[in-house]
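Student: sequence and predicted structure are below.
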Amino acid sequence: MKKFILIIFTLTILSLPTFSATEFYGNVKGFYVNSSGVVLVTLDNGSTTPECGNSWQFTFSVSDNGAKEWISMLLTARASGSIIKVGYGPNPSGSCSVQYFYFQD
């Protein structure tokens, strides 16, 4: 399992350009994918909320670079109860735009 997470993490990091992003962390509390390929995610860390976002705090599209890996990471985090971290930026639609996800012990 750790090897799988490491592989997903490495592929995600290598496939993304460098971003300057605000970060947030928490357990996956909500995960939604609609027929248009929009993915919505809610994380809960028990104390804070991200600077942007609404009830669905984070958003990305299944067509984004790294989206398949992000979905795998989110499902793994949800199933294992692991904390996942997200880098994000503002989005005019209300939810924060995901730039990357990662695990860290």
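Tutor: Nice, I can see it. The model shown is predicted, which means the values in this text are computed figures rather than measured ones.

Student: alpha carbons only for contacts and neighbour counts from here, please
Tutor: OK.

Student: show me where pLDDT drops low in this protein?
Tutor: Along the chain, the parts satisfying pLDDT under 70 run over 1-19, 105.

Student: which residues touch residue 30?
Tutor: Going by Cα atoms under 8 Å, 6 or more residues apart in numbering, residue 30 touches 40-43, 56.

Student: check residue 37 too.
Tutor: 61-63.

Student: try it again at 7 Å.
Tutor: For residue 37, the contacting residues are 61-62, by Cα atoms under 7 Å, 6 or more residues apart in numbering.

Student: so where do the strands sit in this protein?
Tutor: Applying DSSP state E to the chain gives strands spanning 22-33, 38-44, 58-61, 84-89, 96-102.

Student: okay, the shortest one in PDB with CA atoms only?
Tutor: This file holds the C-alpha atoms of strand 58-61, laid out as PDB (Å, rounded to 0.1, in the frame of the first residue of the first chain):
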ATOM      1  CA  PHE A  58     -12.200  22.100  -3.800                       C
ATOM      2  CA  THR A  59     -12.800  21.500  -7.500                       C
ATOM      3  CA  PHE A  60     -11.000  20.100 -10.500                       C
ATOM      4  CA  SER A  61     -11.900  18.400 -13.800                       C
END
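
Student: who does it pair up with?
Tutor: strand 38-44 (antiparallel), strand 96-102 (parallel) (DSSP bridges).

Student: next, the buried residues of the first one.
Tutor: Going back to what we said before, that points to strand 38-44. Neighbour counts over strand 38-44 (16 or more other Cα atoms under 10 Å) mark 39-44 as buried.

Student: of the residues you listed, closest to residue 22?
Tutor: Ranked by distance to residue 22 (Cα to Cα), the buried residues of strand 38-44 are led by residue 43 at 14.6 Å.

Student: who's in contact with the closest one?
Tutor: 25-30.

Student: farthest pair within these?
Tutor: 25 and 30 (13.6 Å).

Student: follow-up on the earlier one: can I get the strands paired with strand 58-61 in JSON lines including distance to residue 71?
Tutor: Putting these into JSON lines (distance: least, Cα to Cα, whole Å) gives the following:
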{"stretch": "strand 38-44", "distance to residue 71": "9"}
{"stretch": "strand 96-102", "distance to residue 71": "10"}
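
Student: thanks again, I'm all set now.
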